[in-house]
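Engineer: Need a 3D model of the following:
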Amino acid sequence: MDALIRAAQSILKEPELKESLEFPRHVEELQAFRRSLEKQFRDSLRFYPRTALFQQLESQLDQEFERFRGGGRRLESYLEKAEVEDLKVGCQRVHQAVVELQALSAQMRAQEEEWKAEYGTGLGAELRFFITQTMQGHIPYQQCAQVLEKSLEASRQMEQAMGKVKPESESVSEVLDLCTVGLASLSRALQRGIQSLRMQHSWEIEERLNDLLEAAENLTTLHQQLMAALYPPVTCPRCGTEQPGERPVCSHCSARLPLAANAQLPPPPTPEARARFQAFAELDGKLDQWSSGQLEASALVAWIDQFRQRLIQGKRQMQADNKLDKRLKEVILEATEASESAMSNLKRVVLEGQDLDEVMEQVRAAEEKMDQARQLDLAHSTPNS
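Structural biologist: Sure, this is the predicted structure:
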């Protein structure tokens, strides 16, 4: 959004810059972001209307998405007809919509924290909510069945993932085994519950949902035990409140928490281990924050754009350098272009909400090319790689 506004301001002064500033690309990416964001909202509305505030804000959210769509249409019209008024109105509407959506999402996040305090976190907590709401008649059987099918898929994926884990701690291993058994039990209960809900066997639905509720509560308890084994509780040095060991800061006073005494530390790097490029290491951190919900997709995309700009600038400087060894220059340019392509694809995947696995292979391959270029650079004893 910021990049689009900056480009629009420049175009208003110098209209001929429209193509050189890649304004059509900015509009296309903005529209893709809006579609992805609205899809997430619609899915949440269909499957997760779990707080009264969410339902209260539905009309306001609809209004802002309509403003967003209208602004996007004016920007697309500008690309076709070059009418300055379309550019001004389009930017204004899109900007207003984004600001309002951010404010509304902040309200929903606050209520979400209250929801977590009541139901907990993780798959078990989600199921407890839906089962309870269904049993109280707030969620139709067919809608509940849809959610349970998604939960069954997630449960099976978690079973497979846990089967590949090899914990070093005996205490963690024991709890992990219990979690695996709990997930298997949950999967069976989910299958039976889905079948009863789909067949509308009212005489057995209540029994199946009670069994499922018990399995979900058991899994929630096991999850808490696993987290306690991985990250033992710590005491805040400032306010003295006991906090979960996985938290970096105190939830009461925001003081930085000490590392848990029994926390599993990563092994120290070996002498022969190569240092990673800072940008790629930072990217991993950004992706982890985004996956855990600590970083908005728009912020991640903005960081990717900055990385791409640095790559593009570096490539231009390299192309203009006539003193560099020809082979070394080719390798560095190839690595830079591979990295730039990987960042473009990663940005698209994030905006469209697609699976990251395939594009991350491309990112890792690009990082490897960068490392090879660095090693060749060191062999040539050139200081600037």
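Engineer: just checking, what packs against the helix or strand where Val147 lies?
Structural biologist: Remark: Val147 resides in helix 141-164, with elements defined by DSSP states H and E. Under the contact definition 3 or more CB pairs under 8 Å, 6 or more residues apart in numbering; DSSP states H and E, helix 141-164 sits against helix 23-47, helix 122-135, helix 170-199. No exception for glycine: its C-beta is placed from N, CA and C like everyone else's.
Engineer: Out of those helices, which gets nearest to Leu209?
Structural biologist: Closest to Leu209 of the helices and strands packed on helix 141-164 is helix 122-135 (CB to CB; 5.2 Å).
Engineer: Give the buried residues for that closest one.
Structural biologist: Buried positions in helix 122-135, judged by neighbour count with 16 or more other CB atoms under 10 Å: Gly122, Leu123, Gly124, Ala125, Glu126, Leu127, Arg128, Phe129, Phe130, Ile131, Gln133, Thr134.
Engineer: go on, stretch 194-202?
Structural biologist: Of the residues in stretch 194-202, those scored as buried under the neighbour-count criterion (16+ other CB under 10 Å) are Ile194, Ser196, Leu197.
Engineer: Return the most buried member of the helices and strands packed on helix 141-164.
Structural biologist: Across the helices and strands packed on helix 141-164, the average number of neighbours (mean count of other CB atoms under 10 Å) peaks for helix 122-135, which reaches a mean of 21.
Engineer: In terms of secondary structure, what does that helix contact?
Structural biologist: helix 84-119, helix 141-164, helix 170-199, helix 202-230.
Engineer: go with 6 Å
Structural biologist: helix 84-119, helix 141-164, helix 202-230 (3 or more CB pairs under 6 Å, 6 or more residues apart in numbering; DSSP states H and E).
Engineer: just the angle between that helix and helix 202-230, please?
Structural biologist: In terms of direction (axes from the mean of the first three to the mean of the last three CA atoms, to 10 degrees), helix 122-135 departs from helix 202-230 by 150 degrees.
Engineer: Show me which of the buried residues of stretch 194-202 is closest to Ile332.
Structural biologist: Ile194 (54.7 Å).
Engineer: Confirm for me that the closest one is in contact with Gln146.
Structural biologist: No: using CB atoms under 6 Å, Ile194 makes no contact with Gln146, being 9.2 Å away.
Engineer: So if we follow the domain assignment, how does the protein break up?
Structural biologist: With domains defined by automatic domain parsing, the chain comprises 2-119, 122-234, 278-380.
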